[in-house]
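>>> What would the 3D arrangement of this be:
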Amino acid sequence: MSASTRVGVISDTHGLLRPQALQFLQGCDSIIHCGDICERRVIDELSRIAPVAAVRGNNDRGDWARALPDSELLRIGEIFIYAIHDLSLIDIDPKTSGVSVVLCGHSHKPHIEQRDGVTYLNPGSAGPRRFKLPISVAELIVKGAEFTARIAELESPDPASRPTPTSQRS
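This is a model prediction of the structure:
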């Protein structure tokens with residue numbers, strides 16, 4: 001049986017890399033940042049934990065940000081993962097492209113959904129709090145062609161309202 005791969009998924013840090021996010025990402029085999037990084041330093045710090053793939057968000061500016069792709073197609077284990085910041089700008093049909101997971105950010109709303117056999121995962125925002133949305137990150141555990149997805153809240157405005165983790169399996 002093949003070993004599993006733990007992929008950390010983070011988005012919308014907006015220059016703020018919280019200690020709780022760094023702690024959650026410890027032990028990841030790779031990290032995917034879904035944009036609105038805002039400072040090169042964030043990628044550098046994440047790279048100390050694991051290799052980082054990142055896409056450019058609408059707030060990423062400057063020479064360092066221009067070097068980032070608008071989207072990225074990655075293969076981890078036997079699955080294809082497509083990362084983009086703003087899901088409304090997706091330029092492929094994930095199902096016909098063989099993509100198992102689409103990762104996005106932009107809305108700051110953590111969300112996992114199955115559509116047409118494809119898992120859509122938004123880890124939410126790990127940066128400055130926006131409205132009453134939670135501070136969150138996510139992980140994918142990939143083992144061959146199987147995977148699970150989970151969102152983890154790092155802190156909640158009201159701990160009593162913290163939802164339970166959500167998982168999806170291919």
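
>>> Pull the helix or strand harbouring Val102 out as PDB, backbone CA atoms only.
Element membership of Val102 [criterion: DSSP states H and E] is strand 99-103. What follows is strand 99-103, C-alpha atoms only, in PDB (Å, rounded to 0.1, in the frame of the first residue of the first chain):
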ATOM      1  CA  VAL A  99      -9.200  17.000 -12.200                       C
ATOM      2  CA  SER A 100     -10.300  15.500  -8.900                       C
ATOM      3  CA  VAL A 101     -10.000  18.600  -6.700                       C
ATOM      4  CA  VAL A 102     -10.300  22.300  -7.500                       C
ATOM      5  CA  LEU A 103      -8.800  24.600  -4.900                       C
END
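
>>> Residues contacting that strand, please?
Strand 99-103 has contacts (CB atoms under 8 Å, 6 or more residues apart in numbering) with 9, 11, 32, 34, 73, 79-84, 87, 90, 92, 94, 118-123, 140, 145, 147, 149, 170. Every residue, glycine included, has its C-beta placed from N, CA and C.

>>> All the helices of this protein, residue numbers only.
Assigned by DSSP state H, the helices in the chain fall at 19-25, 40-47, 63-66.
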